[in-house]
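Undergrad: Below is the sequence, then the predicted model.
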Amino acid sequence: MNIYWNSITGHKVNIARLKTLCREDMVPHSMLFSGIDGIGKRLAAQAMAATLLCHSPVEGGACGHCPSCRALLSDTHPDFFTVVPQVKKGTACIFIDDIREMQGKVARVPILSASRVVIIDDAQTMNDAAANSLLKTIEEPGGQIYFILITNSIMALLDTIISRCMREDFAGLSPEDISAVLVDQGISRQQANYLAAFADGSVRHAMLLNDEEGLSLQKTAMEFFSACAGRNLDMDMVWRLGTELGEMGKADRDKLRQWFSFLAMAIRDELVVYSGSGVTLYNQQDSFRINELASQLTEHQLIAMLRLVREYQGRLRYRVSTRLMVESFAIKIKDLLED
Ligand SMILES: [Zn+2]
């Protein structure tokens with residue numbers, strides 16, 4: 001696991017604040033790290049845990065060579081615990097048994113460090129029984145113990161949990177920060193810049209855009225866009241799209257997010273062609289098609305489409321039926337083009 005603050009990209013203000021709490025020995029016993037997926041909340045929680053457990057922290061960070069730091073680096077620390085959701089029937093959930101198991105483990109005295117740290121990942125997946133059980137431990141922790149909850153959806157957590165925790169909200173990363181992370185992972189600078197521009201602040205989204213499934217979604221988005229440009233978007237296509245992209249489930253939500261990003265890229269490329277600015281197209285392999293389509297939609301229509309894409313990308317944060325969302329999106333696009 002990560003133990004260092006400096007392996008985290010961006011979030012300078014959050015990190016400075018958390019380091020100060022560590023340095024001043026003011027760390028609250030329950031913290032809640034929130035923000036969208038793929039921005040480094042987990043890395044920050046791990047660095048925080050390492051600092052709290054370290055035998056001789058330096059400037060609010062873990063030293064890296066004490067027995068505690070070494071144990072964390074080899075994933076063998078007896079006072080460090082993580083609770084992660086189990087996936088059952090395609091749904092991720094933290095059950096009361098997972099919380100009870102953790103409670104049993106942390107009931108012992110610390111072995112290697114002066115305190116114990118528990119990270120609860122994807123805390124929004126706790127069902128009510130699990131959350132209520134955790135609440136009891138948070139309220140009366142018993143001994144030196146810290147809880148760091150991580151969530152991508154604060155609204156899905158019980159108010160009673162939120163009110164017991166110190167909140168640390170992490171914003172999405174800048175395209176420059178995402179691009180830097182991607183380049184570190186071996187992606188070319190040009191590709192990294194493109195991916196970062198459409199990743200909505202998340203390294204995870206950028207990586208998804210880059211994988212093989214991403215390529216097939218790109219094709220689907222391009223086909224949808226061609227249908228729009230050719231005025232071939234009919235209700236059959238709307239329903240088909242709803243079935244293809246809109247089935248419920250977390251994985252499908254991610255896919256849908258990617259699909260919207262690809263659609264945004266296609267629209268942005270059209271706008272580039274319009275402006276004649278010579279900026280490189282995202283869909284370079286499809287540049288012939290992009291050029292061909294360029295005269296079929298007005299700049300006004302393209303901008304209105306892009307606005308709709310952005311609006312629906314935002315709606316993905318809420319728990320709405322993805323299928324209904326896709327259908328309503330496609331119908332709005334259809335109306336927009338018929339105006
Ligand atoms: Zn240390």
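TA: Happy to help now that I have it.

Undergrad: For the ion, what is the nearest residue in the stretch 151-300 of the chain?
TA: Residue of the stretch 151-300 of the chain nearest the ion, by Cβ to the ion: E168 (22.1 Å). The C-beta positions use only the backbone N, C-alpha and C, and glycine is treated the same way.

Undergrad: Thought S30 was touching that residue, still the case?
TA: No: in this structure, E168 is not within contact of S30 by Cβ atoms under 8 Å, at 11.4 Å.

Undergrad: thinking again about what came up before, so the residue of the stretch 151-300 of the chain closest to the ion, which of the three states?
TA: strand (DSSP: H, G, I helix; E, B strand; the rest coil).

Undergrad: That one bridge partners, please.
TA: F33 (DSSP bridges).

Undergrad: residues in contact with it?
TA: Residues near E168 by Cβ atoms under 8 Å, 6 or more residues apart in numbering: N14, R17, L18, M31, L32, F33, S34, A44.

Undergrad: Among those, which one lies nearest to the ion?
TA: Among the contacts of E168, and counting by Cβ to the ion, the member closest to the ion is L18, at 16.4 Å.

Undergrad: A44 is in contact with that closest one, correct?
TA: Yes: between L18 and A44 there is a contact at 6.9 Å, judged by Cβ under 8 Å.

Undergrad: which residues do these two both contact?
TA: Residues touching both L18 and A44 (Cβ under 8 Å, 6+ apart): W5, E168.

Undergrad: For the residue in the stretch 101-250 of the chain that the ion sits nearest to, grab the count of nearby residues.
TA: Nearest residue of the stretch 101-250 of the chain to the ion, counting by Cβ to the ion: S113, 9.1 Å away. Residues contacting S113 under the criterion other Cβ atoms under 10 Å number 23.

Undergrad: Give the lowest-confidence helix or strand of this structure, using mean pLDDT as the measure.
TA: The weakest-scoring helix or strand in the chain, judged by mean pLDDT, DSSP states H and E, is helix 287-293 (a mean of 70).

Undergrad: Now do the contacts for the residue of the stretch 101-250 of the chain closest to the ion.
TA: Residues near S113 by Cβ under 8 Å, 6+ apart: L52, L53, C54, H55, S68, H77, D79.

Undergrad: which one is it nearest to, not counting chain neighbours?
TA: Setting aside the residues directly before and after it, S113 is nearest to L53 in space (Cβ to Cβ, 6 or more residues apart in numbering), at 4.1 Å.

Undergrad: Verify the contact between the one you found and V117 for me.
TA: Yes: using Cβ under 8 Å, L53 makes contact with V117 at a distance of 5.9 Å.

Undergrad: Give me the common contacts of the two.
TA: Shared contacts of L53 and V117, defined by Cβ under 8 Å, 6+ apart, comprise D79, F80.

Undergrad: Helix, strand, or coil at the most centrally placed residue in the chain?
TA: Taking Cα atoms, centre = their mean, the centroid of the chain lies closest to D37, which sits 1.2 Å from it. Under three-state DSSP, D37 falls in the coil class.

Undergrad: Any buried residues in the longest helix along the chain, and which?
TA: Longest helix in the chain, counting residues (DSSP state H): helix 250-275. Residues of helix 250-275 classed as buried by neighbour count (16 or more other Cβ atoms under 10 Å): 252-273.

Undergrad: could you say what helices and strands that helix packs with?
TA: Helix 250-275 is packed against helix 203-210, helix 212-229, helix 235-246, helix 287-293, helix 299-315, helix 322-338, with contacts defined by 3 or more Cβ pairs under 8 Å, 6 or more residues apart in numbering; DSSP states H and E.

Undergrad: show me the contacts for the residue nearest to L134 when sequence neighbours are not counted.
TA: Distance criterion Cβ to Cβ, 6+ apart; nearest residue to L134, sequence neighbours excluded, is I99 at 5.1 Å. Each residue near I99 by Cβ under 8 Å, 6+ apart is listed here: V83, M126, A130, S133, L134, T137.

Undergrad: on that earlier part again, model confidence for the residue nearest to the centre of the chain, exactly?
TA: The per-residue pLDDT reported for D37 equals 88.

Undergrad: Go ahead and produce PDB holding the CA coordinates of the helix or strand Y194 falls within.
TA: Using DSSP states H and E, Y194 sits within helix 189-197. What follows is helix 189-197 as a C-alpha-only set of coordinates in PDB (Å, rounded to 0.1, in the frame of the first residue of the first chain):
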ATOM      1  CA  ARG A 189       2.000  12.600 -23.600                       C
ATOM      2  CA  GLN A 190      -0.400  13.400 -26.500                       C
ATOM      3  CA  GLN A 191      -2.700  10.500 -25.700                       C
ATOM      4  CA  ALA A 192      -2.600  11.400 -22.000                       C
ATOM      5  CA  ASN A 193      -3.600  15.000 -22.700                       C
ATOM      6  CA  TYR A 194      -6.600  13.900 -24.800                       C
ATOM      7  CA  LEU A 195      -7.800  11.400 -22.300                       C
ATOM      8  CA  ALA A 196      -7.300  13.800 -19.400                       C
ATOM      9  CA  ALA A 197      -9.500  16.400 -21.200                       C
END
